[in-house]
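Trainee: Everything below, folded, please.
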Amino acid sequence: FLFKNSIMEELNSEESKKIFKNLKQAIKRREYRDIVYYYDELVVYKGVKCLKLVFMNNNWYLAVIDQDRLLKFLRLSFIREVNYASKNSFSHSDVESYMEFFKRLQNAMTLYGVEPKVATLKARPKIAKYFKADMKKYFPSQRFVEKLDDGSVLFTVEYTQELEILPFVQRWLPDIVVVEPQELRDAFRKKLQDALEEL
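Mentor: Below you'll find the model as predicted:
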């Protein structure tokens with residue numbers, strides 16, 4: 001085997017391995033934790049419910065429910081400390097709806113509690129073969145619709161916010177086109193115009 005891309009985000013330091021082990025224990029025992037997190041600034045998440053360790057977008061994330069009952073994905077490489085919280089453990093029934101959400105999670109940009117919309121995308125003939133019915137799906141919600149007379153392929157993808165699918169469309173430029181909805185087409189056009197203005 002030859003892997004040119006990392007299969008896993010590596011947890012190299014002893015500290016990161018210790019954090020990972022602590023979080024696995026919290027998830028298994030349904031325990032609360034206080035998490036010291038540094039992204040742009042230092043934030044302490046007090047008394048979060050640790051739900052799952054998720055590997056997506058080539059990174060490890062910790063799925064937590066914060067004190068406002070919001071589901072958050074905390075990137076493991078930004079977690080500085082994990083400490084026991086003042087509360088002990090929570091029941092499965094407290095987090096059941098959140099656990100159901102993981103069945104339709106597509107990437108780190110999928111929003112909890114937001115009704116998904118459906119985007120229709122067109123893969124032009126040059127790349128259409130990668131989007132035929134029997135090919136690997138890029139999204140769990142991806143569905144083949146039809147092959148058009150010009151050789152293009154139409155397919156649909158569900159999304160809860162633009163950021164969930166637009167980076168994917170950008171990677172395939174100019175060979176994937178947003179067909180509908182119009183609001184997504186407009187948002188993508190604006191992103192392209194903004195990028196062109198920077199050139």
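Trainee: wait, is Ala119 part of a strand?
Mentor: Yes. Under DSSP: H, G, I helix; E, B strand; the rest coil, Ala119 sits within a strand.
Trainee: where in this structure is pLDDT low?
Mentor: Within the chain, the stretches with pLDDT under 70 are 1-9.
Trainee: Determine the longest strand present in it.
Mentor: strand 42-56 (DSSP state E).
Trainee: Looking at the chain, which residue reaches furthest from the middle?
Mentor: Asp149 (34.1 Å; CA atoms, centre = their mean).
Trainee: separation between that residue and Ala128?
Mentor: 12 Å (CB to CB, to the nearest Å). Backbone N, C-alpha and C define where each C-beta goes, glycine included.
Trainee: ditto for Leu53
Mentor: For Leu53 relative to Ala128 (CB to CB), the value is 36 Å.
Trainee: Which one of the two is surrounded by more residues?
Mentor: Neighbour count, other CB atoms under 10 Å: between Leu53 and Ala128, Ala128 has more, with 20 against 15.
Trainee: residue contacts, the more buried one?
Mentor: Listed by CB atoms under 8 Å, 6 or more residues apart in numbering, the contact set of Ala128 reads 147, 151-153.
Trainee: Quick check: closest non-adjacent residue to Tyr138.
Mentor: Using CB to CB, 6 or more residues apart in numbering and skipping residues adjacent in sequence, the residue nearest Tyr138 is Phe168, 6.3 Å away.
Trainee: Please name every helix or strand in contact with the host helix or strand of that neighbour.
Mentor: Element membership of Phe168, judged by DSSP states H and E, is helix 166-171. Applying 3 or more CB pairs under 8 Å, 6 or more residues apart in numbering; DSSP states H and E, one finds that helix 166-171 contacts strand 176-180, helix 182-197.
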